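*Asks:* everything below, folded, please.
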Amino acid sequence: MTDPLIQRAREAALAAYAPYSRFSVGCAVESVDGEIAVGSNMENACYRLGVCAEIAALTAAKQAFGLDKIARLAVAGGHVGADSELAGTSLVTSCGGCRQSILEAAQVAGRDIEVISANGDGSEAAVHPISELIPFGFGPANLKDAGT
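*Replies:* Below you'll find the predicted structure:
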C-alpha cells in the first residue's frame with residue numbers, strides 16, 4: 001500500500017497551476033504530531049517567478065505547525081491525464097533551491113527530515129534524509145560567525 005503522505009502529495013499535484021510545462025507537482029509535509037500541510041507548484045508567464053510545490057508546502061507547514069515540527073515530506077508529480085488522475089513513471093526529486101529550504105527546516109527542527117520522492121502514478125518511491133540530498137549544505141548553523 002502506498003504511504004498516505006505520498007497520496008496527499010499526489011492529490012496536491014492535482015491542484016497545481018501548470019499551464020506552461022503541464023507538469024504538476026504536489027508536496028505534503030507531515031509534522032511529528034501527524035498534522036499535514038500541502039502545496040503545489042504554481043507557474044507564471046514570467047517563468048522564473050513560479051513557485052515550487054515544496055516551497056508552497058513548507059510555507060503552509062510553517063503557518064500550520066511550525067518548521068520545528070516537520071518530520072518528513074513527500075513530493076510527487078507528473079501530468080494530469082484525461083481521467084483527471086496524476087500520471088507519470090519518473091521519480092520527482094526536489095530542485096536544489098527546495099533542498100536548501102528543506103535543509104533550513106531540518107536545522108530549525110534539529111532533525112534530519114525524511115524526503116520521499118514519488119512518481120506521478122504513485123507506484124514507485126525513494127526515501128532519503130535531507131542530509132543525503134544536500135551534503136555539506138549551508139544553513140543557520142553556518143552563520144554563527146556572522147556577528148551580531
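*Asks:* show me where pLDDT drops low in this protein?
*Replies:* Across the chain, the ranges flagged by pLDDT under 70 are 1, 148.
*Asks:* neighbours of the residue nearest to Gly139 when sequence neighbours are not counted, how many?
*Replies:* In this structure, Gly139 finds its nearest non-sequential neighbour in Gln107, 4.2 Å apart by CB to CB, 6 or more residues apart in numbering. Placement of C-beta: from N, CA and C, glycine included. Neighbour count of Gln107, defined by other CB atoms under 10 Å: 19.
*Asks:* so Ser21, which of the three states?
*Replies:* Following DSSP: H, G, I helix; E, B strand; the rest coil, Ser21 is assigned to coil.
*Asks:* dump the residue contacts of it.
*Replies:* Listed by CB atoms under 8 Å, 6 or more residues apart in numbering, the contact partners of Ser21 are Glu43.
*Asks:* how much space between the residue nearest the centre of the chain and Ala12?
*Replies:* Centroid-nearest residue in the chain: Glu54, 3.2 Å away (criterion: CA atoms, centre = their mean). Shown here: Glu54 relative to Ala12, a distance of 11 Å by CB to CB, to the nearest Å.
*Asks:* which neighbours do the two have in common?
*Replies:* Common neighbours of Glu54 and Ala12, using CB under 8 Å, 6+ apart, are Cys27, Gly39.
*Asks:* can you list the strands that the lengthiest strand in the chain pairs with?
*Replies:* Longest strand in the chain, counting residues (DSSP state E): strand 70-80. The strands that strand 70-80 pairs with in its sheet are strand 24-31 (antiparallel), strand 86-87 (antiparallel), strand 114-119 (parallel) (by DSSP bridges).
*Asks:* which helix or strand lies directly C-terminal to the shortest one?
*Replies:* Elements were assigned by DSSP states H and E; along the chain past strand 86-87, the next helix or strand is helix 96-109.
*Asks:* in that following helix, what's buried?
*Replies:* Buried residues in helix 96-109, counting neighbours by 16 or more other CB atoms under 10 Å, are found at Cys98, Arg99, Ser101, Ile102, Leu103, Glu104, Ala105, Ala106, Gln107, Val108, Ala109.
*Asks:* and for stretch 12-22?
*Replies:* Ala12, Ala13, Ala16, Ala18.
*Asks:* looking at those residues, which is nearest Ala118?
*Replies:* Ala13 (9.9 Å; CB to CB).
*Asks:* lovely, talk soon.
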